[in-house]
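In: 3D, please:
(one chain, ligands or ions: 1)
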Amino acid sequence: MRITHLTLKNWRNFRSVDVDVQERLFIVGPNASGKSNLLDALRFLRDIARVGGGFQQATASRGGLQRVRSLAARNFNHGRVQLAISLGNAEHPETWSYLLDFTREQRGQHRPVVTRELVRHQGEIVLQRPDAEDKIDAERLTQTALEQVNANRAFREVADFLESIRYLHLVPQVVREPDRAGDRTEDPYGGDFLARVAKTSRATRERRLKRLNDALRIAVPQLDQLELIRDEDGKPHLQARYRHWRVRGARQDERDFSDGTLRLIGLLWSLHEGGRSTGPLLLEEPELSLHASIVRQLPTILSSVQRSGGPQVFLSTHATEILADEGHQVVLAESAGAARRVERHEETAAGPRLEDARVVIAGGRGLQDPSNFKLLDDLAAAIGGHAAVGASRAVVDAGWVPYSYQVGQTGKTVKPEVYIAVGISGATQHVVGMKGAKRIIAINKDADAPIFRLADLGVVGDALAVVPKLIEEIQARRS
Ligand SMILES: Cc1cc2nc3c(=O)[nH]c(=O)nc-3n(C[C@H](O)[C@H](O)[C@H](O)COP(=O)(O)OP(=O)(O)OC[C@H]3O[C@@H](n4cnc5c(N)ncnc54)[C@H](O)[C@@H]3O)c2cc1C
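Out: Numbers count the residues shown, from 1 in each chain. Predicted coordinates for the structure are as follows:
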């Protein structure tokens with residue numbers, strides 16, 4: 001489950017935000033344009049839902065209603081603040097929706113009060129407030145149903161999802177000196193980072209550190225053998241071998257790593273920590289302290305982690321380099337009026353360009369899940385340096401892969417020597433983009449799929465079973 005739509009009214013500097021959200025949402029804009037405020041809307045919902053949190057506390061910790069309400073509020077939405085999200089997946093983007101509308105008490109302590117709380121499940125209303133009891137006892141409106149276990153029973157899934165939203169703004173100094181953060185858990189600045197790594201079971205930790213090391217190699221090729229060690233006092237440290245002119249290299253730990261390396265390690269760990277079952281990861285300016293060449297790789301790293309099951313990501317950034325690489329959805333926070341705009345960006349992927357590749361392997365909805373695109377990456381890798389991965393529009397629209405992957409009438413036209421269509425039905429709009437291929441291979445579980453009409457070779461079967469076998473066979477023949 002992920003957030004599929006976000007609506008804000010009168011939230012901080014935003015008068016109105018109304019965006020569809022995909023797997024990655026990048027929020028760009030100049031200083032003071034409200035990028036953090038957009039992330040903060042999701043943190044606010046998390047703070048309400050979390051144990052020990054609640055509506056009053058979430059508002060008070062932000063300096064009260066006057067601080068979270070837009071200055072332009074008076075003339076819009078009756079001066080009330082509104083946050084609304086839809087939750088679901090590509091197939092069912094509105095499995096759940098949650099809306100909270102609030103203002104402050106007219107008299108007395110001017111506490112924030114709920115003016116409307118509405119939850120729908122598959123379009124059916126599950127909760128609607130104010131209800132009869134709220135009318136009898138107005139005090140109830142100082143709390144949301146979201147924060148109360150008795151009241152959120154019918155939509156506990158939404159409450160749990162919101163509670164699992166994570167926010168990260170790593171400060172290398174805090175990671176190096178965790179004592180500064182006291183005994184805080186879930187410290188967004190990284191005070192608990194080493195403790196979290198240490199707490200992870202050994203097998204998971206080693207697997208994650210290995211994957212992390214592979215991803216890090218793009219950015220810091222000299223660093224390898226990342227592992228967790230403990231010093232004489234039992235304190236955990238992240239240690240790595242730093243290869244230099246001495247053949248054996250030197251051991252370094254987080255106290256020696258550069259700020260950029262440490263931030264990147266923290267970022268990658270957090271991405272691997274949350275799976276698709278947890279709420280989104282909110283990243284505040286991940287580019288800080290990172291070299292521009294590394295920043296450019298970030299979206300590629302993010303999308304590859306997501307393909308292997310990572311969480312949805314919301315990211316605020318100043319860095320135009322981040323937008324230069326992988327395709328993703330961009331919201332532009334504008335300072336004047338704080339309106340919103342959504343753009344799609346082109347990407348330059350690693351390997352040959354789709355248009356130039358001798359072999360194109362394209363995936364469609366039959367792959368079932370975005371993480372299964374990794375199979376196509378693996379197949380391209382097994383084939384060698386001439387293969388590129390493409391996609392049908394159905395999966396691009398669903399946010400599984402960037403627009404730059406799209407083949408067809410409204411995407412790219414390709415004429416490779418071999419085109420392998422995996423789980424693609426063969427709709428006319430797709431076919432016009434690939435029918436110039438010399439040879440067409442189709443893998444589809446439906447023997448009547450239109451793609452077989454133009455295929456030179458057809459495999460009727462489950463793509464998730466056929467593709468791994470194909471990879472195995474290619475690798476066996478190559479060795
Ligand atoms: C104006 C317009 C422009 C368009 N432009 C484009 C375009 O540029 N490019 C494009 O691609 N589309 C385009 N489309 C959309 C196009 O009409 C189709 O909707 C789209 O191509 C379908 O994508 P798909 O084949 O991935 O999904 P589906 O049509 O849902 O097909 C999925 C296929 O996967 C198979 N399958 C399911 N499970 C498995 C499994 N486990 N193993 C193997 N096979 C499985 C199914 O049998 C099915 O054949 C456009 C549409 C319009 C209206």
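In: CA only for contacts and neighbour counts going forward, please
Out: Will do.
In: ok, the strand or helix carrying A442: who's next to it in the sheet?
Out: Assigning secondary structure by DSSP states H and E places A442 in strand 439-444. Take DSSP bridges as the rule and strand 439-444 pairs in its sheet with strand 418-422 (parallel), strand 457-460 (parallel).
In: So for the ligand, which of these sits nearest?
Out: Taking CA to the nearest ligand atom, strand 418-422 is the member of the strands paired with strand 439-444 nearest to the ligand, at 6.4 Å.
In: Just the mean pLDDT for the closest one, thanks.
Out: Averaging pLDDT along strand 418-422 yields 97.
In: Next, count neighbours for the closest residue to A90 other than its chain neighbours.
Out: Spatial nearest neighbour of A90, chain neighbours left out: A398 (5.0 Å); criterion: CA to CA, 6 or more residues apart in numbering. A398 has 18 neighbours, counted by other CA atoms under 10 Å.
In: Quick check: A398 touching P93?
Out: No - the pair A398 / P93 is not scored as a contact, 9.5 Å apart, by CA atoms under 8 Å.
In: what about the stretch 351-479 of the chain, any weak spots by pLDDT?
Out: Scanning the stretch 351-479 of the chain with the threshold set as pLDDT under 70 gives 351, 399.
In: can you list the residues of it near the ligand?
Out: With CA under 6 Å from any ligand atom as the criterion, the stretch 351-479 of the chain comes near the ligand at residues 364-367, 392-394, 406-411, 423-427, 429-430, 443-446, 449, 461-464.
In: Give me the buried subset of those.
Out: Using 16 or more other CA atoms under 10 Å as the burial test, these include 364-367, 392-394, 406-408, 411, 423-426, 430, 443-446, 449, 461-464 as buried.
In: ok, now which ones touch R12?
Out: R12 makes contact with 34, 37, 67-71 under the criterion CA atoms under 8 Å, 6 or more residues apart in numbering.
In: Can I get the residues you listed in CSV including distance to the ligand, pLDDT and secondary structure?
Out: Below are these laid out as CSV (distance: CA to the nearest ligand atom, whole Å; pLDDT from 0 to 100; DSSP: H, G, I helix; E, B strand; the rest coil):
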residue, distance to the ligand, pLDDT, secondary structure
G34, 35, 72, coil
N37, 36, 85, helix
R67, 45, 88, helix
V68, 42, 90, helix
R69, 41, 89, strand
S70, 39, 81, coil
L71, 42, 73, coil
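In: Tabulate the residues you listed (a markdown table), appending distance to L264 and neighbour count.
Out: Shown next, in a markdown table, are the contacts of R12 (distance: CA to CA, whole Å; neighbours: other CA atoms under 10 Å):
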| residue | distance to L264 | neighbour count |
| --- | --- | --- |
| G34 | 24 | 23 |
| N37 | 23 | 19 |
| R67 | 32 | 14 |
| V68 | 31 | 21 |
| R69 | 34 | 23 |
| S70 | 34 | 21 |
| L71 | 37 | 16 |
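In: Give the buried residues for stretch 162-171.
Out: 162-171.
In: what about it, how long is it end to end?
Out: Length of stretch 162-171, first residue to last, CA to CA, to the nearest Å: 24 Å.
In: ok, and what's touching that stretch?
Out: 42-43, 45-47, 49-50, 188-190, 263, 266-267, 278-286.
In: Give me the buried subset of these.
Out: The neighbour count (16+ other CA under 10 Å) marks 42-43, 45-47, 49-50, 188-190, 263, 266-267, 278-286 as buried among those.
In: Sitting in strands, which of those residues do you find?
Out: Among those, the members falling in strands are 281-284 (criterion: DSSP state E).
In: from those, which is closest to the ligand?
Out: For those, the nearest to the ligand is L281 (27.7 Å; CA to the nearest ligand atom).
In: Was I right to think the closest one contacts Q306?
Out: No - applying CA under 8 Å as the test, L281 and Q306 come out as separate, 11.3 Å apart.
In: okay, now the residue in the stretch 101-250 of the chain positioned nearest to the ligand: neighbour count?
Out: As assessed by CA to the nearest ligand atom, the ligand sits closest to Q122 within the stretch 101-250 of the chain, at 21.4 Å. The tally of other residues near Q122 (other CA under 10 Å) stands at 14.
In: Pull the contacting residues for it.
Out: 94-96.
In: try it again with 6 Å
Out: T95 (CA atoms under 6 Å, 6 or more residues apart in numbering).
In: now it: how far from T144?
Out: 21 Å.
In: go on, I125?
Out: 16 Å.
In: after the worst-scoring helix or strand of the chain on mean pLDDT comes which helix or strand?
Out: Within the chain, no helix or strand scores below strand 342-344, which has a mean of 37 by mean pLDDT, DSSP states H and E. Using DSSP H and E, the helix or strand that directly follows strand 342-344 along the chain is strand 359-363.
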